[in-house]
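Student: With the input below, show me the fold.
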Amino acid sequence: MRTLVFFLSLLLSVCGFAAESVLAPFVQREELAGAVALVANKDRVLNVTTVGFADIEAKKPMQADSVFWIASQSKGITATAVMMLVDEGKISLNDPVEKYLPEFTDQKVAAGKDALVARARSVTIRDLLSHVSGLPFKSAEEQPTLDGLPLAAAVKTYAKAPLATQPGTKYQYSNAGINTAARVLEVVSGMAYEDFMQKRLFGPLGMTDTTFWPNAEQVSRLAKTYKPDATKKKLTLGGLGQLQADLTDHAHRFPMPAGGLFSTAKDVSLFCRMLLNGGELDGHRYLSAAALKELSSRQTPKELKDSYGLGLAVGPDFFGHGGAQATGMEVRTKDGLVIVWMVQHQGFPGKGGQAQGEFKKWATKEFGAK
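Tutor: This next block holds a predicted model:
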């Protein structure tokens, strides 16, 4: 038995070295500050590779438990929570939004300069989660950061403005849509959105580092953000300008369902493994098979080029989502793998943007279903 354990440990360490050898050149060329890259199957984590720095100036190495702003990866996690209410029969994806949020009743559609027309139909919860609601990315009142309004107040600002397009006719990437779906969750569940997420998802899954408000200890593990310098050849320090500076501030920062979460590679892998397992993990069922199929199947009309499910981008053999700082999570159903990519970048010099793809190729070759 000890010989088998040793052999498996040795095998994993060799795989880890191989992955590091794929990514290290990007760091050496100063095209990538650092990364935590993880691959798992439905049963366990297969490999975690760390390269580069969480803080270049301080020479602080990237660690497996480094914390990242995962931004729009929050969308798929929020949509999963909404689907839990669908499973419970408390809402339907085809319900009109005004059934739960009366401020959206008789919302008009913009039609040229200062002209408004009636909606052809109501916006549905399905529309909200698949970016075809006609709602904007954000409202004019969400300034200067995306986390400065309570959820209920932010959603009321979306209802005041006309829709940009008729519901269901055009894909328009929309934080406002996901946030509105989360507000429906609050109204129906009777719980604050952030409390529902903690009680129903983060706590049971063991996502101990996933939060809208990283505490002081988690902030100490937060990877710094980097971007190309003026020459576009090297890296310089960036920032989290879309969020307020004091991330621990519960009084003035509010949960943003479409993009407010911070997390680690391990935590994100737990969520993705649950999806890969058909909505179940470690004996606890979170979603029915039917709900997972809705979540991970294309919802956008066939005449549109954009292939999007409910809070998730979908392809023929994968679904997942990226974040504003180049993070990513992907459930590769054909390969039976979860791939999590954690960096903090606002763009890349040189070939840095290719690093994620190189890790994916390595992971699927090494661990994908044969």
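
Student: just checking, what packs against the strand or helix carrying residue 177?
Tutor: In this assignment (DSSP states H and E), residue 177 forms part of helix 175-189. With contacts taken as 3 or more C-beta pairs under 8 Å, 6 or more residues apart in numbering; DSSP states H and E, helix 175-189 sits against helix 74-87, helix 125-130, helix 151-160, helix 193-197. For every residue, glycine as well, the C-beta is placed using N, CA and C.

Student: from the ones you listed, which stretch is densest packed?
Tutor: Most buried of the helices and strands packed on helix 175-189 by mean neighbour count (mean count of other C-beta atoms under 10 Å) is helix 125-130; its value is a mean of 27.

Student: In contact with the closest residue to residue 163 other than its chain neighbours, which residues?
Tutor: In this structure, residue 163 finds its nearest non-sequential neighbour in residue 134, 3.4 Å apart by C-beta to C-beta, 6 or more residues apart in numbering. Shown in contact with residue 134 (C-beta atoms under 8 Å, 6 or more residues apart in numbering): 109, 123, 127, 163-167, 169-170, 172.

Student: how near is the residue most central in space within the chain to residue 303?
Tutor: Computing the C-alpha centroid of the chain and ranking residues by C-alpha atoms, centre = their mean puts residue 73 first, at 0.5 Å. Residue 73 is 28 Å from residue 303, where distance means C-beta to C-beta, to the nearest Å.

Student: and if you look at residue 92?
Tutor: Residue 92 is 24 Å from residue 303, by C-beta to C-beta.

Student: More neighbours: the two, which one.
Tutor: Legend: neighbour count by other C-beta atoms under 10 Å for residue 92 and residue 303, higher for residue 92 (13 against 6).

Student: how about the helices in the stretch 151-300 of the chain?
Tutor: 151-160, 175-189, 193-197, 203-205, 216-220, 265-276, 289-296 (DSSP state H, counting those that start in this stretch).

Student: To residue 364, which of those helices lies closest?
Tutor: If you check each of these against residue 364 by C-beta to C-beta, helix 265-276 wins as the nearest, at 13.9 Å.

Student: Remind me what the closest one packs against, helices and strands.
Tutor: So helix 265-276, by 3+ C-beta pairs under 8 Å, 6+ apart, packs with strand 34-40, strand 45-55, helix 74-87, helix 203-205, strand 280-281, helix 289-296, strand 328-332, strand 337-342.

Student: Relative to residue 326, which of the helices of the stretch 151-300 of the chain is closest?
Tutor: Closest among the helices of the stretch 151-300 of the chain, once you apply C-beta to C-beta, is helix 265-276, at 13.8 Å.

Student: could you give the angle of the closest one to helix 74-87?
Tutor: Angle of helix 265-276 versus helix 74-87, following axes from the mean of the first three to the mean of the last three C-alpha atoms, to 10 degrees, is 40 degrees.

Student: show me where pLDDT drops low in this protein?
Tutor: 1-17, 370 (pLDDT under 70).

Student: same thing but 90
Tutor: 1-19, 112-114, 369-370 (pLDDT under 90).

Student: of all the helices and strands packed on helix 175-189, which lies closest to residue 324?
Tutor: helix 74-87 (10.4 Å).

Student: For the closest one, what is the distance to the chain centroid?
Tutor: Here the centre of helix 74-87 is set off from its chain's centre by 12 Å, with C-alpha atoms, centre = their mean, to the nearest Å.

Student: what does it rub up against?
Tutor: Under C-beta under 8 Å, 6+ apart, the answer for helix 74-87 is 91-93, 125, 129, 178, 181-182, 184-185, 188-189, 196-197, 200-201, 256-261, 271, 275, 286-288, 290-292, 294-295, 309-312, 320-321, 329.

Student: just checking, next helix/strand downstream of it?
Tutor: Criterion used, DSSP H and E; the element after helix 74-87 is strand 109-110.

Student: Please identify the pairing partners of the helix or strand following that following strand and their relative orientation?
Tutor: Downstream of strand 109-110, the first helix or strand assigned by DSSP H and E is strand 116-117. Its sheet considered, strand 116-117 pairs with strand 109-110 (antiparallel) by DSSP bridges.

Student: roughly how far out does the strand it pairs with sit from the chain middle?
Tutor: 29 Å.

Student: Number the chain from 46, please
Tutor: Okay, using 46 as the starting number, the last item reads as strand 154-155.

Student: ends of stretch 367-374, how far apart?
Tutor: Length of stretch 367-374, first residue to last, C-alpha to C-alpha, to the nearest Å: 6 Å.
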